[in-house]
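Colleague: Let's see this in three dimensions:
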Amino acid sequence: MTNFGVRSFALGLAIMAALVSALSAAGQGRDLQKVFVAGQAELQQGNLDAAERDFRAVLAADPKAGPAYTNLGVIAMRRKKWDEALGFLKKGGAVATE
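Modeller: Here you go, the predicted model:
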């Protein structure tokens, strides 16, 4: 993994921790948190299609879920879709700083 990839992954983990805290406080948080955690597990197992579905579902419910964008960026990187990956990572960073 390149230095860019390592930094992006670290940023994603930090953002993910913030999201988990925020989701726990939200009314629908438990359901979104379960979907996000399931997506994380799928991503770690290499099931990119299932992980992508989960992260897109999180974004459909909460468009400001920065870690979901970051994880979609990781998925795009694994698929070697660099422009798409960069777009997701930028969006995740922008949402995190709002």
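
Colleague: got the residue ranges for the helices in the protein?
Modeller: In the chain, the helices defined using DSSP state H lie at 3-25, 29-45, 48-61, 66-78, 82-96.

Colleague: Also compute the angle for the last one relative to helix 66-78, please.
Modeller: Counting by axes from the mean of the first three to the mean of the last three Cα atoms, to 10 degrees, helix 82-96 points 170 degrees away from the direction of helix 66-78.

Colleague: Quick one: work out the angle between helix 82-96 and helix 48-61.
Modeller: 40 degrees.

Colleague: Correct me if wrong: residue 57 contacts residue 31.
Modeller: No - applying Cβ atoms under 8 Å, one finds residue 57 not in contact with residue 31, separated by 9.7 Å. Every residue, glycine included, has its C-beta placed from N, CA and C.

Colleague: Looking at these two, which is more packed in?
Modeller: Set residue 57 next to residue 31 and count neighbours by other Cβ atoms under 10 Å: residue 57 wins out with 17 against 14.

Colleague: Quick check: closest non-adjacent residue to that one.
Modeller: residue 35 (5.3 Å; Cβ to Cβ, 6 or more residues apart in numbering).

Colleague: That neighbour: how many residues sit nearby?
Modeller: 20.

Colleague: which ones are touching it?
Modeller: 54, 57, 58 (Cβ atoms under 8 Å, 6 or more residues apart in numbering).

Colleague: Could I get those in TSV, plus columns for pLDDT?
Modeller: Formatted as TSV, these follow (pLDDT from 0 to 100):
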residue	pLDDT
54	96
57	96
58	96
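
Colleague: can these go into JSON lines with extra columns for distance to residue 86?
Modeller: Output for the contacts of residue 35, formatted as JSON lines (distance: Cβ to Cβ, whole Å):
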{"residue": "54", "distance to residue 86": "21"}
{"residue": "57", "distance to residue 86": "23"}
{"residue": "58", "distance to residue 86": "20"}
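
Colleague: ok, so of these, who is nearest residue 77?
Modeller: When the contacts of residue 35 are compared for distance to residue 77 (Cβ to Cβ), residue 54 wins out at 17.3 Å.
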